[in-house]
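Provide a 3D model corresponding to the input given below.
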Amino acid sequence: MNPNVLFVTVDSLRADYVSCIADSPVDTPGIDAVAEDGTTYTNAYAQGPFTTFSMPSLFTGRYPSALTYTSFAGDVVGVYLTEGTMLAEAVSDKGYRTAGFHSNPLLSNLFEFDRGFDTFDADLPFSGLSLPGSFKLLTNKLRRLLRTHAYIPAETITDRAIEWTDEQDSEDPLFLWTHYMDVHGPYQRKDGFVYYNKFRGERLWQKAVHSPEDITDKEHRELLETYREEVAYTDSEIGRLVETVTETTDRPTLVIITADHGDGFDEHGYYSHPHRTEDVLLNVPLVIDDPTGTLEDGVVTEPTELISVAPTVLDIVGADTPSSFEGTSLVARDESDPIAIGEAELTPDYRAAFVSSEYKYVLDKVADKERLYARTEADLEGKLVTNEADEQLERFRDIAATHRNRDAVSDQAQTSTDIKDDEVRDRLKKLGYME
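Numbering: from 1, shown residues only. Predicted structure coming up:
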């Protein structure tokens, strides 16, 4: 019997804020419960430090450099797939009933994330409708005015996902994806007057993103404290979702929990998640509970890439892996020294990190420099050893050159897409993507 699949992604959740992975400043019992019965990857790396690089890679099993580079609006850039197969399409072909619930406009049908889903709710109720311009404009303004958060809170996402699960009476297995936005700024207090919290959170978030040098010590503490609140709140909803889905369905459930990227808190001079390669952005949680026993339980400390998630899911459910996938399944992992790659810029200049168990190499064509770190040192990135490890430096140069010259990038396309929807643009401004 093929298992149901519960695929949970959390926006902006750092690995070091998950207690089963690191000495976290906040407890995460919901995620920890999944880890206790499954596999925990303590050095999982997203393929990009921001949503529009990492999430397309996660769903296509391909690096950003193999996808279509796109300029959306303002400073918003990303990649998306014009050809090939998405994870939801592959499991749908295997006979799964599929559903996705979230409220991130960058993961909506506007960017083809609905491909392969029978039910898809990105909280854009008017995006596919032909309505009079004045009516749509007025409706969008009212929604923006009445909205209590810059996104749909985790509790509502969980409720919608559980409701969909309860409605399924088919014998087909289920594939359910939820993406939680609460850990993404603007971070919002959970107690007190909700509209004041919304206003305060949005004002502070905009300042942190666009003028980080002006953040006071008090504001810095407030940002960290509210981030911890959001992590704890989201974790509780993840726990509720996992418990409900696994206990109310007849099939065993394959549970995957991860994040698209992390967030900076002035460790490197920025807040949020710019186009950078530091571990606070790329190192994310990855926990998998496989009820079939196909995947070995325990703790994996070697670098692991998120593009391995999609082929791993297909491996466990017995589906064919599309030829377009670059990631390899974690089921039969046999690399002696795996390398995790996170790409932060593609054009006109390239910026990426290449991470092994002992070293981290950063190729930064934007700044026209390269850096090599020894990860064994207890520092944010490790000890800088660019001028002390010539042999390792040459090795990583070769790895980077091979990666950049692989066949998958030979026909990379570039395009631009203008986001005209007022509500989408407003929500992107609230999230800090646009000024």
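
poorly predicted segments of the stretch 201-350 of the chain, please.
Counting by pLDDT under 70, the stretch 201-350 of the chain contains no low-confidence range.

mind listing the strands for it?
Using DSSP state E, counting those that start in this stretch, the strands assigned to the stretch 201-350 of the chain run over residues 253-259, 264-265, 271-272, 283-284, 286-289, 298-300, 304-305, 340-345.

tell me which of these is the most buried.
Counting by mean count of other CB atoms under 10 Å, strand 283-284 has the highest mean neighbour count of the strands of the stretch 201-350 of the chain, with a mean of 28. Where C-beta positions appear, they are placed from N, C-alpha and C, glycine not excepted.

show me what it is packed against.
Using 3 or more CB pairs under 8 Å, 6 or more residues apart in numbering; DSSP states H and E, the elements in contact with strand 283-284 are strand 44-45.

what helices or strands is the strand it packs on leaning on?
By 3+ CB pairs under 8 Å, 6+ apart, strand 44-45 packs against strand 283-284, strand 304-305, strand 340-345.

and the longest one, how far out from the chain middle?
With CA atoms, centre = their mean, to the nearest Å as the basis, strand 340-345 stands 13 Å off its chain's centre.

can you name every helix or strand that that strand contacts?
strand 44-45, strand 304-305, strand 351-355.

got CSV for the ones you listed, with distance to Val18 too?
As requested, those are exported to CSV (distance: least, CB to CB, whole Å):
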stretch, distance to Val18
strand 44-45, 10
strand 304-305, 14
strand 351-355, 18
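
got the helices and strands packed on strand 44-45 as JSON lines, with distance to Ile215 columns?
Putting the helices and strands packed on strand 44-45 into JSON lines (distance: least, CB to CB, whole Å) gives the following:
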{"stretch": "strand 283-284", "distance to Ile215": "23"}
{"stretch": "strand 304-305", "distance to Ile215": "33"}
{"stretch": "strand 340-345", "distance to Ile215": "23"}
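
which stretch among the ones you listed comes nearest Ala208?
Between Ala208 and the helices and strands packed on strand 44-45, the shortest gap by CB to CB is with strand 340-345, which sits at 19.5 Å.

who does the closest one pair up with?
Strand pairing for strand 340-345, using DSSP bridges, gives strand 351-355 (antiparallel).

give me the buried positions along the partner strand.
351-355 (16 or more other CB atoms under 10 Å).

show me the chain divided up by domain.
4-328+420-430, 347-411 (automatic domain parsing).

list the beta-bridge partners for Ser71.
Counting by DSSP bridges, Ser71 is bridged to Val77, Ser416.

helices of the chain, residue ranges please.
Remark: helices assigned in the chain by DSSP state H are 29-36, 51-60, 87-93, 133-146, 154-167, 194-210, 217-248, 279-282, 309-317, 390-404, 422-430.

output the shortest one as CSV, restricted to C-alpha atoms.
In this case it means helix 279-282. What follows is helix 279-282, C-alpha atoms only, in CSV (Å, rounded to 0.1, in the frame of the first residue of the first chain):
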residue,chain,number,x,y,z
ASP,A,279,24.5,29.5,6.5
VAL,A,280,21.8,31.5,8.3
LEU,A,281,20.1,31.6,4.9
LEU,A,282,21.0,28.2,3.3
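
ok, so of the buried residues of strand 351-355, who is nearest Trp205?
Looking across these and measuring by CB to CB, the closest to Trp205 is Arg351, at 24.6 Å.

for the closest one, give its distance to Thr39.
To Thr39, Arg351 is 31 Å away according to CB to CB, to the nearest Å.

likewise for Gly293?
Using CB to CB, Gly293 is found at 11 Å from Thr39.

ok, the two, which is more surrounded?
Thr39 (20 against 8; other CB atoms under 10 Å).

just give the nearest non-adjacent residue to the more buried one, would you?
Nearest in space to Thr39, with sequence neighbours left out and distances taken as CB to CB, 6 or more residues apart in numbering, is Ile288 at 5.0 Å.

give the contact list for the one you found.
34, 38-39, 41, 254-257, 295, 312, 330 (CB atoms under 8 Å, 6 or more residues apart in numbering).

partner residues bridging it?
Judged by DSSP bridges, the bridge partners of Ile288 are Thr39, Ile256.

got TSV for the helices of the chain, with mean neighbour count and distance to His268 too?
Converted to TSV, the helices of the chain look like this (neighbours: other CB atoms under 10 Å; distance: least, CB to CB, whole Å):
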stretch	mean neighbour count	distance to His268
helix 29-36	20	26
helix 51-60	27	18
helix 87-93	21	32
helix 133-146	12	33
helix 154-167	18	28
helix 194-210	17	14
helix 217-248	18	14
helix 279-282	26	7
helix 309-317	24	27
helix 390-404	14	21
helix 422-430	19	24
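
check contacts around the residue nearest to the spatial centre of the chain.
Residue closest to the average C-alpha location in the chain (CA atoms, centre = their mean): Asp260, at 1.3 Å. Counting by CB under 8 Å, 6+ apart, Asp260 makes contact with 9-12, 46, 50-51, 54-55, 58, 284.

let's go with 6 Å and repeat that
Applying CB atoms under 6 Å, 6 or more residues apart in numbering to Asp260 gives the contacts 11, 51, 54-55.

go through the residues you listed and name the one nearest Thr347.
For the contacts of Asp260, the nearest to Thr347 is Ser54 (17.4 Å; CB to CB).

quick check: pLDDT value at that closest one.
Note for Ser54: predicted pLDDT of 96.

Ala259 is in contact with that one, correct?
No. Between Ser54 and Ala259 there is no contact under CB atoms under 6 Å: 8.6 Å.
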